[in-house]
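J.: I'd like to go over a predicted model; first the sequence, then the structure.
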Amino acid sequence: LLFLVLMGDIDTNVRNAFLSSFADDTRAGNKVLNQADVNCLQEDLNQIYDWSDVNNMEFHCDKFDLLRYRSSNSREAQSQSHYTSYDGSIIEEKYHVKDLGITMSSNATFTEHIAERCEMAKAKTAWILRTFQTRESTPMLLLWKSLVLCHIEYCSHCPLTTSDAADEHSNVNLGGCRVP
């Protein structure tokens, strides 16, 4: 509870960027179309770093990630921009970042997340088929619902962004018997 009280004023001096926090994770973001926007975002990051000094909080700079959603208008400004972390190192750009168990991609699709979920479901399905000899529908359905379906349904509100991802999502099966 004390941590949440301390985190309550992290955005006090932030002028341009938006901040979102969940537990001990904080995200800062802003629309970047030109070099002035780059400078504004870095200034807001610096304000957050100053806040951490005042409140005796420490950031783990090795956990900083830079995820860019690019449009044709902002590509040039973003490609030339670098942001520095609390310790002065450059924040590394990533193309896929996992946040609260969901893999976000720089192309604003969930294809990577869907592929990860399907691979996990296939691995669980293979384990079930190796471990249990029976292929009767009642135990197979129970195993499917309790061990496999949760991996497919995790973040299932994410739209299937490509037909390939939709096909892969629907082709997870149990022992040759298609389970919807």
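T.: Structure received.

J.: what residues are up against the spatially closest residue to residue 152 that is not a sequence neighbour?
T.: In space, and not counting its chain neighbours, residue 152 is closest to residue 121: 5.0 Å by CB to CB, 6 or more residues apart in numbering. Where C-beta positions appear, they are placed from N, C-alpha and C, glycine not excepted. Residues near residue 121 by CB atoms under 8 Å, 6 or more residues apart in numbering: 148, 149, 151, 152, 172.

J.: contacts only, for the third one.
T.: Pointing back at residue 151 there. 117, 120, 121, 124.

J.: after the helix or strand hosting residue 120, next one along is what?
T.: Assigned by DSSP states H and E, residue 120 falls within helix 111-131. Where DSSP H and E defines the elements, the next helix or strand beyond helix 111-131 is helix 137-143.

J.: what are the buried residues along that following helix?
T.: With burial defined by 16 or more other CB atoms under 10 Å, the residues of helix 137-143 counted as buried are 140, 143.

J.: starting at the chain centroid, how far to whichever helix or strand comes after it?
T.: As assigned by DSSP H and E, the chain's next helix or strand after helix 137-143 is helix 149-153. Put simply, helix 149-153 sits 17 Å off its chain's centre (CA atoms, centre = their mean, to the nearest Å).

J.: what does stretch 138-158 give?
T.: 22 Å.

J.: now do stretch 134-142
T.: 35 Å.

J.: then stretch 124-142?
T.: How far stretch 124-142 lies from its chain's middle: 32 Å, per CA atoms, centre = their mean.

J.: kindly report the same for stretch 19-39.
T.: 15 Å.

J.: pLDDT at residue 122, what is it?
T.: Listed pLDDT for residue 122 reads 92.
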